[in-house]
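Novice: Requesting a structural model of the entry that follows:
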Amino acid sequence: MENQTGIEMWKPPTIQELMTLLDEKNDKKSLELSGSLDVFNLALNVEPSPRWIKKHPIVNVKIGEQNGQVITAPLEYIPIEMHRLLGKRFFGWVGEEILREGVMFQSVYVAVRLHYRHPITGEKLFHDGIGACDAQTKKGASAADLANINPGAIQKGLPAAASYAFNNAYKKFGKIFGQDIQKNATAFNKNVAMYMQETPTFKIKPNAAANTAQ
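Specialist: This is a model prediction of the structure:
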């Protein structure tokens, strides 16, 4: 039966094949660790299967200009279900945390954090994502006129902002998570704010590790 996700089809190079990339002066243990990290990083940075990539039915992004005309295309993304599956395959477990949510200008925003343990080094790490979505107002009203927000706008906007935020955070794992999908695109729809391009990866300090879910 054909593999539905294609995850198992990629076979990493062996440690011996990566020897030329490593420092010959390293001891055997360090060499093996370095080789394992190289294999792992290569796996994270292969191109995702085209079958995983979906086109958003509503959101468009600007991908360029031609003869003074803006060229747009549907926002391409990897669904959260595939992100979670990939996260389990690479890290065993990825904890999703919503750090905060709020209103900024006429938009609702959500900031999130992904917790994980590096499978090679054993270090506890996390990195963040952020997403925003305009609060939809009544027809003819300014987007900044919060007195004319449509009923249910926040209820619809917050989950959308959270979805963009988690997509933003998962992409930072590497290309296979969609890091380079439409990387030069910019927001085109008025009701969607594109997420921040990059947020750093952090190590959890020893005194904070106890607060992280196991």
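Novice: Kindly export the helix ranked longest in the chain (C-alpha atoms) in CSV.
Specialist: The residue-count maximum for a helix in the chain (DSSP state H) belongs to helix 153-171. Extracted in CSV, the C-alpha atoms of helix 153-171 (Å, rounded to 0.1, in the frame of the first residue of the first chain):
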residue,chain,number,x,y,z
ALA,A,153,-15.9,38.4,15.2
ILE,A,154,-13.6,37.7,18.2
GLN,A,155,-14.8,34.1,18.4
LYS,A,156,-13.8,33.6,14.7
GLY,A,157,-10.7,35.8,14.8
LEU,A,158,-8.9,34.3,17.8
PRO,A,159,-8.9,30.7,16.5
ALA,A,160,-7.7,32.0,13.1
ALA,A,161,-4.9,34.0,14.7
ALA,A,162,-3.9,31.0,16.8
SER,A,163,-3.8,28.8,13.7
TYR,A,164,-1.5,31.3,12.0
ALA,A,165,0.7,31.5,15.1
PHE,A,166,1.1,27.7,15.4
ASN,A,167,1.8,27.5,11.7
ASN,A,168,4.5,30.2,12.2
ALA,A,169,6.0,28.3,15.1
TYR,A,170,6.1,24.9,13.5
LYS,A,171,7.7,26.3,10.3
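Novice: what sits up against it?
Specialist: Helix 153-171 has contacts (Cβ atoms under 8 Å, 6 or more residues apart in numbering) with 77-78, 80, 83, 86-87, 96, 98, 101, 107-114, 127-137, 177-179, 181, 192-196, 199. (Each C-beta comes from the backbone N, C-alpha and C, glycine too.)
Novice: Show me the residues you listed that map onto strands.
Specialist: If you go by DSSP state E, the contacts of helix 153-171 have 77, 96, 98, 101, 107-114, 127-134, 192-193 in strands.
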